[in-house]
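1. here you go, sequence then predicted model.
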Protein chains: 4
Amino acid sequence: MTDLDGLDGFTIEVPSWAYGNSGTRFKVFTRPGGPRNPYEKLSDAAQVNRLTGLADRVSLHIPWDLVDDWSDLKAHADKLGVRIGAINSNVFQDDDYRLGSLCNPDPAIRRKAIDHHKQCLDVMRQTGSTDLKIWLPDGLNYAGQDSLRGRQERLAESLREIYDASDDDHRILLEYKFFEPYFYATDIPDWGTSLLHCLALGERATVVLDTGHHAPGTNIEFIVMQLLRQGRLGAFDFNSRYYADDDLIVGSADPFQLFRIMSEIVAVGAHRPESGVNFMLDQCHNIEEKIPGQIRSVLNVEAALAKALLVDQEAIAAAQRAGDVLGAHQVLMDAFETDVRSALADRREARGLPRDPVKAFQASGYAETAAAQRVGGTQASWGA
Amino acid sequence: MTDLDGLDGFTIEVPSWAYGNSGTRFKVFTRPGGPRNPYEKLSDAAQVNRLTGLADRVSLHIPWDLVDDWSDLKAHADKLGVRIGAINSNVFQDDDYRLGSLCNPDPAIRRKAIDHHKQCLDVMRQTGSTDLKIWLPDGLNYAGQDSLRGRQERLAESLREIYDASDDDHRILLEYKFFEPYFYATDIPDWGTSLLHCLALGERATVVLDTGHHAPGTNIEFIVMQLLRQGRLGAFDFNSRYYADDDLIVGSADPFQLFRIMSEIVAVGAHRPESGVNFMLDQCHNIEEKIPGQIRSVLNVEAALAKALLVDQEAIAAAQRAGDVLGAHQVLMDAFETDVRSALADRREARGLPRDPVKAFQASGYAETAAAQRVGGTQASWGA
Amino acid sequence: MTDLDGLDGFTIEVPSWAYGNSGTRFKVFTRPGGPRNPYEKLSDAAQVNRLTGLADRVSLHIPWDLVDDWSDLKAHADKLGVRIGAINSNVFQDDDYRLGSLCNPDPAIRRKAIDHHKQCLDVMRQTGSTDLKIWLPDGLNYAGQDSLRGRQERLAESLREIYDASDDDHRILLEYKFFEPYFYATDIPDWGTSLLHCLALGERATVVLDTGHHAPGTNIEFIVMQLLRQGRLGAFDFNSRYYADDDLIVGSADPFQLFRIMSEIVAVGAHRPESGVNFMLDQCHNIEEKIPGQIRSVLNVEAALAKALLVDQEAIAAAQRAGDVLGAHQVLMDAFETDVRSALADRREARGLPRDPVKAFQASGYAETAAAQRVGGTQASWGA
Amino acid sequence: MTDLDGLDGFTIEVPSWAYGNSGTRFKVFTRPGGPRNPYEKLSDAAQVNRLTGLADRVSLHIPWDLVDDWSDLKAHADKLGVRIGAINSNVFQDDDYRLGSLCNPDPAIRRKAIDHHKQCLDVMRQTGSTDLKIWLPDGLNYAGQDSLRGRQERLAESLREIYDASDDDHRILLEYKFFEPYFYATDIPDWGTSLLHCLALGERATVVLDTGHHAPGTNIEFIVMQLLRQGRLGAFDFNSRYYADDDLIVGSADPFQLFRIMSEIVAVGAHRPESGVNFMLDQCHNIEEKIPGQIRSVLNVEAALAKALLVDQEAIAAAQRAGDVLGAHQVLMDAFETDVRSALADRREARGLPRDPVKAFQASGYAETAAAQRVGGTQASWGA
């Protein structure tokens, strides 16, 4: 299966917050051994890379991951064999942001939110990160609460100032989301709105596609294709959903959808590092173990990519040209039906990695050691 | 407009937790003056009744509202002119319930959850409450995580024990919910499942319809009709949604839907107290002021009922019999289009209530006094 | 209520096909008196304008409405007091279009579809119409059936040729639709895709927003705002839905949504004729009488606009600036709650129109005369 | 893989109407060689069984499949190696049913609809069929159009008369559907309503689950489990959907969902013929070839069942008992990831069937022969 050579160089970025506690509005469950600071989060994240060889970057979240000495954190990462990836801003956990951040009707709050992003740009300069990821939580709960249009204007101005403050090697990754944490209107609810702002900002602004941020029934691979066609697909936030933004393990709810997405990626070679698409995870492991959950996730993305690489491109193109509906569909399905588990285990073995990374993690004693050592202090949590 | 006599005796139960802090998984915003204990929650709730004359009962949530001396709390309520309504159990905020409560695969956890409900029955005996409301959060995040069928069997057994422990004047109100806090499967996801368990339990078990707990597009008034037809509509949890279980102010997202629901109620006289349907609110005032939010909510339900009472029943029945599609629809719309604001203000005035309860609250100084007096301690919050 | 002066000059375009038979995939119901040709359709459409004074333009559908002598049809329209509005192309009712039209993998089919649009441009020249409305039905039923990206490229080329063939006073109105008649992917599924093609084409290309063409939960007024902000909202296709593209009478399913949409329109004065937004109906009266259905529809849009004009703009802006969530929302709701039926009837009377246009139609004997005279021939139907 | 022995005896019923023309409300595409009568439909259906060994029964639709001599049609079926399965009533294609059939406000129309079902029972007696499948299209397009409750009462009465007219060896299969062909309310919109009517009728009334008849996000395997638990899952109508009732090839849109459904079936042995669950297809092959489409469909169901049979029941039960979320999920995923194509081809070969039934059909010349011979007459179509 030489098609799997296409996997070479493909990596997935993992988020620092996936190792801390997370939950729903009803409850954040805790577990022994949860990381208490960015150093411990990086240690946990490094396990995923050590066992899969697929995850050599870790996204940070500001202010959750602020440290006094960035060079020290970088050295810690180096030692662990990972490096710092995208910097995520946070404008949803301060009472000031109750009515929004970059769109807030109050200019003082907007100033605060803009300055926070400038702080993130500084973190990028110190960590060598080149991606500033903005998930804008802003929105409204009630019709009439604020001017939808006024908020777009304020958003455009705020983003302009952030973009202008960024360096030439910085990218702005602008995320959209259908709804939540507000429930009537969201200020960047769809890819169209995100793209319009990116187009207005300039070439270094690109769209983030979170697979959980769409209306029911949305054809996500179509959006992937469209953003690639516009040259503006900056990054993925991978996860799974059945209902809302459920943030389940990517590939667990609809593996065929993940495969279709990766097939659009492969169709234009965007899985290759030089494409500039940052494949990231953004999930919540509310009830399952976190490091194994992350390992399973990167393996799921890898498997979907492997299957997408197996699509017989000549055969499918010929069937499509011939108008052979069932034939073209079947070429795709044959790739999806292929069991790639052994081939991927072989590939891992050949690279000096464990055939079964989840089992290897469980056998490693890492979790038990962490539980024993991480006593006292406060476990990190994205909900607080 | 003598049709509005139908409003006589109609009341809405308000929840104690609506006055404490609430929010999303991302943030719980705080405000000065938030209540710190059940006494202060009852005081806040009593404001709604004082100004609208519509809300003389307050639901409690156990363990959030546990007090040492129930007779003292009852006396406090009496003084405020309200009484204690339904008792709500809580099996979603303990680490033990990570994999479920009444459906948990571990019998020890099920025992704990059943015992908690028995504790709630005791609270009912001490407070004079007759309604035990069970919202079962149980569910799964991943296919295969547990046996869907096994969980139904455990649920049936657990409910049986609770039902059998209840008194002859107790009702079990069993809620269903489409999804959340679990995102693959919910153990009581729809009215059909709730009703089947109620039918198995006995006559004192009835279904709770929360207006935010359905799939997109669900015709809720149909379910209202069907449950009334089965004699098993025990209660409403009113709120509004655009997307998921958004818990917005009832009537704020789709006032026509609320009107259609109330029209099904009126069609069989279920708005009258003797019907046994408990009309309750269950909302989150994440960003708006809480007491005015509750006042607005009960007024919205009252307005929808008022409009439903205005439907010309003879005219609509005649048009329906004649197969006059547009004519019958128009009779309904004419009631909905009627502006009932003045008539309802007149009615309030005649009953010695303020014409504009929200303005009256704002003029009362209550909020300012609460903010000044409620210093120190911890504000109540359903998220913690 | 001088605010209603804002209604002056506001008109709604009605579709010729609304008077012919329509239905679902299961059944097209027929009624006596259905129109058999474009002349009879115009006669029916003219009834709506005669009784409401709101609908002086009629959209045509090619080839359904092809006639030999366009000047004769125009003269017929003149006599009836209406004129010909947008020309609608049709690329969904020929066996050749089974796998698409402007996106078809076969260049000969694309040629045929492009030429059809050129024919429509000719009809525009002969009828004085300036709007070419394109609803592109193209899409796929199965993943892999064709290249999503290849289809976008073909679409861009096809549209380019059509745009270039159009005159300087022509507009291209490009519609999007979430799904149907294909069920895996749609080639213009969302406003973003439609807008990207319009931006690529040039200034005379604008987006059509059909209120039934969105995913569940989509905030339509946000899209209205965004397209207005981009200067690219060309037209509405109004109708109502609960589920899919149900094509019910506009305002019948969610009158509050229609009001919110019209509020965004009013906020920037886009209800005035000079705005260039074409307010059109596109509905199916499957089971109700068609002319009364159209009358009810234009009255519903007028009522929603009237209420939107009543929003106290100063008060809402002040509340929004102050961060008064409930206050700002209430200003909007107060306009919505206002009963405008009498004021609009007064206004009609003052303009020499019947107070109740539906009753006036029923009393006119038009339907009975049509049923008696339209004997023989084939009733027009958009499904065939 | 001895687990595949579980496939022995498993069969899928195919519908006579799948071979005739079908389409959307916009267009029914035609193809040369389409069957013109029930005899030709049976011949087409028999091809599916001949090549897969999985489809030995054919559902009929009345009145589409009415013939003068039922024993002759049965003899034709015998010769083809198939037999007649469920009889489907049709109360949606007569102008009389515009406002409903079994729920119609007009007793004369209800009488007609009831009598039609009695005719279907007669067809069952003559064909040896034991299943009467009722899909009730009844519903409303506008709120207020008719009494939701009144319609339930009429429905109950109508069904009672049909049930009472049926024989002791007859089953009533009662289907539910979320929406369409009516768009405000459906008279049997969900499994709960269907089940309530079945419970009221008696033991021979069971529910039909059509996989396309649910709201977005509905967990269908939960419903399968619940209906099995009640002993009332009578039949499946299999197909696929992304949006509404899209009627695509089963397994083409979400193969993991189909696998989860079959896993619930296997969990209680309901795939065995003695379970009484009738596994049927109900799809529209609008743009693809029909016989290959049906072949692909039965193979997809077989593959999903094969994978479900591979789930390691002991391992998953142990992981579930241990609360091992990821472990239990992984056991399920391992079965789904298994490539069963070769094993199933081997199994076919061993049974004297072609390894690749679609290719075998294409090589057989059947389609070309049909196209050459079926000249003149009118092709069958369910839309007319």
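-> All right, it came through fine. Residues are numbered from 1 along each chain as shown, chains lettered A, B, ... in the order given.

2. what residues does the stretch 201-350 of chain A put near chain D?
-> Residues of the stretch 201-350 of chain A found near chain D (C-beta under 8 Å from any C-beta of the partner chain) are A:216-217, A:219, A:242-243, A:252-257, A:287-289, A:292-293, A:296, A:303, A:325-326, A:329-330, A:333-334, A:336-339, A:341. No exception for glycine: its C-beta is placed from N, CA and C like everyone else's.

3. report the central residue of chain A.
-> For chain A, the residue sitting closest to the mean C-alpha position, by C-alpha atoms, centre = their mean, is residue A:237 at 2.6 Å.

4. that one contacts residue A:220, doesn't it?
-> No - with contact defined as C-beta atoms under 8 Å, residue A:237 and residue A:220 do not form a contacting pair (11.9 Å).

5. list residues touching both of those two?
-> Shared contacts of residue A:237 and residue A:220, defined by C-beta atoms under 8 Å, 6 or more residues apart in numbering or on different chains, are found at A:209, A:211.

6. quick check: domain ranges of chain A?
-> Domain assignment for chain A by the TED database gives A:9-308, A:310-364.

7. look up how far residue A:310 lies from the residue of chain A positioned farthest from its centre.
-> Within chain A, residue A:322 marks the point farthest from the mean C-alpha position, 38.0 Å out by C-alpha atoms, centre = their mean. For residue A:322, the distance to residue A:310 (C-beta to C-beta, to the nearest Å) stands at 21 Å.

8. same check, this time on residue A:105
-> In this structure, residue A:105 lies at 53 Å from residue A:310, with C-beta to C-beta as the measure.

9. in the stretch 51-200 of chain A, what spans have low per-residue confidence?
-> In the predicted model, the stretch 51-200 of chain A carries no residue with pLDDT under 70.

10. wait, doesn't residue A:286 sit right on residue A:24?
-> Yes - counting by C-beta under 8 Å, residue A:286 sits close enough to residue A:24 to count as a contact (6.7 Å).

11. which residues are in contact with each of those two?
-> Here residue A:286 and residue A:24 have residue B:181 as joint contacts, going by C-beta under 8 Å, 6+ apart.

12. more neighbours: the two, which one.
-> More crowded of residue A:286 and residue A:24, by other C-beta atoms under 10 Å in any protein chain shown: residue A:286, with 24 against 21.

13. quick one: contacts for that one?
-> Residues in contact with residue A:286, defined by C-beta under 8 Å, 6+ apart, are A:22, A:23, A:24, A:28, A:29, B:141, B:181.

14. contacts only, for residue A:198.
-> Going by C-beta under 8 Å, 6+ apart, the list of residues near residue A:198 reads A:172, A:174, A:205, A:206, A:207, A:232.

15. show me what the helix or strand harbouring the residue nearest to the centre of chain A pairs with in its sheet, parallel or antiparallel.
-> Taking DSSP states H and E as the definition, one finds residue A:237 inside strand A:233-238. On the basis of DSSP bridges, the sheet neighbours of strand A:233-238 come out as strand A:205-210 (parallel), strand A:278-281 (parallel).

16. mean neighbour count, distance to residue D:77 and mean pLDDT for those - can I get that in a markdown table?
-> Compiled in a markdown table, the strands paired with strand A:233-238 are given as follows (neighbours: other C-beta atoms under 10 Å in any protein chain shown; distance: least, C-beta to C-beta, whole Å; pLDDT from 0 to 100):
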| stretch | mean neighbour count | distance to residue D:77 | mean pLDDT |
| --- | --- | --- | --- |
| strand A:205-210 | 24 | 52 | 98 |
| strand A:278-281 | 25 | 55 | 98 |
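
17. what's the closest of these to residue B:266?
-> With respect to residue B:266, and counting by C-beta to C-beta, the nearest of the strands paired with strand A:233-238 is strand A:205-210 at 44.1 Å.

18. could you look up the next helix or strand downstream of that closest one?
-> Under the assignment DSSP H and E, the closest C-terminal helix or strand after strand A:205-210 is helix A:220-229.

19. just the residues contacting that next one, thanks.
-> Here helix A:220-229 has contacts from A:191, A:195, A:207, A:209, A:211, A:214, A:233, A:257, A:260-261, A:263-265, A:267-268, A:270, A:277, C:143, C:148-149, C:152, C:185-186, C:189, C:192-193, C:196, using C-beta under 8 Å, 6+ apart.

20. returning to what we had before: and the strand holding residue A:237, C-alpha only, in PDB?
-> As requested, C-alpha coordinates have been extracted for strand A:233-238 and formatted as PDB (Å, rounded to 0.1, in the frame of the first residue of the first chain):
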ATOM      1  CA  LEU A 233      -8.700  27.400   4.800                       C
ATOM      2  CA  GLY A 234      -6.300  28.100   7.600                       C
ATOM      3  CA  ALA A 235      -7.100  25.300  10.000                       C
ATOM      4  CA  PHE A 236      -9.400  22.700  11.300                       C
ATOM      5  CA  ASP A 237     -10.700  22.200  14.800                       C
ATOM      6  CA  PHE A 238     -11.500  18.600  14.700                       C
END
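
21. now find how far off-centre the helix or strand just after that strand is within its chain.
-> Following strand A:233-238 in sequence order, the next helix or strand is helix A:255-267 (DSSP H and E). When distances are taken as C-alpha atoms, centre = their mean, to the nearest Å, helix A:255-267 is centred 16 Å away from the chain's centroid.

22. are helix A:255-267 and chain B in contact anywhere?
-> No - in this structure, helix A:255-267 remains apart from chain B according to C-beta under 8 Å from any C-beta; the gap is never smaller than 10.7 Å.

23. that helix close to chain C?
-> Yes - among the residues of helix A:255-267, A:256, A:260, A:263, A:264, A:267 lie within reach of chain C under C-beta under 8 Å from any C-beta.
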